[in-house]
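[1] 3D, please:
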Amino acid sequence: MCYCYILFSQSLNKYYIGHSCENLQERLRKHISDHRGFTSTTKDRIIVYSENYNSKMQAYQRVREILIFD
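    I've put the predicted structure just below:
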């Protein structure tokens, strides 16, 4: 199962839209862990929305659809 998901950081008042084929809680853990990446700037990100897809390509396509309206 793959996912399109939206994270929110209250301290930054910003959303992050992503996709993954791993467990969402594990993916969130990676986002807030000590790594160098766009989402590593704050540790208060939470999953506010997710959708399930059968393939990574479908999940990625949904991310692109959402970003068009961003």
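
[2] who's in contact with C4?
    I17, G18, H19, S50, E51, Y53, A59, Y60, R62, V63, I66 (C-beta atoms under 8 Å, 6 or more residues apart in numbering). Heads up, the C-betas are built off the backbone N, CA and C, glycines and all.

[3] The last one - how many residues pack around it?
    Burial of I66, expressed as a neighbour count using other C-beta atoms under 10 Å, amounts to 15.

[4] hang on, it is in a helix, isn't it?
    Yes. Counting by DSSP: H, G, I helix; E, B strand; the rest coil, I66 falls inside a helix.

[5] ok so, going back, from the contacts of C4, pick the one nearest Q25.
    Closest approach between the contacts of C4 and Q25, by C-beta to C-beta: S50, at 10.7 Å.

[6] how much space is there between R45 and H31?
    6 Å (C-beta to C-beta, to the nearest Å).

[7] Give me the common contacts of those two.
    L7, Y16, T39.

[8] L12 contacts K43, doesn't it?
    No. Counting by C-beta atoms under 8 Å, L12 stays clear of K43, with 10.9 Å between them.

[9] what's the neighbour count on the residue lying closest to N54 once chain neighbours are set aside?
    In space, and not counting its chain neighbours, N54 is closest to C2: 7.0 Å by C-beta to C-beta, 6 or more residues apart in numbering. Counted with other C-beta under 10 Å, residues neighbouring C2 total 18.

[10] Include distance to E26, pLDDT and secondary structure when you put the contacts of C4 into a markdown table, please.
    Below are those laid out as a markdown table (distance: C-beta to C-beta, whole Å; pLDDT from 0 to 100; DSSP: H, G, I helix; E, B strand; the rest coil):
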| residue | distance to E26 | pLDDT | secondary structure |
| --- | --- | --- | --- |
| I17 | 18 | 94 | strand |
| G18 | 13 | 94 | strand |
| H19 | 14 | 96 | strand |
| S50 | 13 | 97 | strand |
| E51 | 17 | 97 | strand |
| Y53 | 17 | 97 | strand |
| A59 | 15 | 97 | helix |
| Y60 | 19 | 97 | helix |
| R62 | 20 | 96 | helix |
| V63 | 18 | 97 | helix |
| I66 | 22 | 93 | helix |
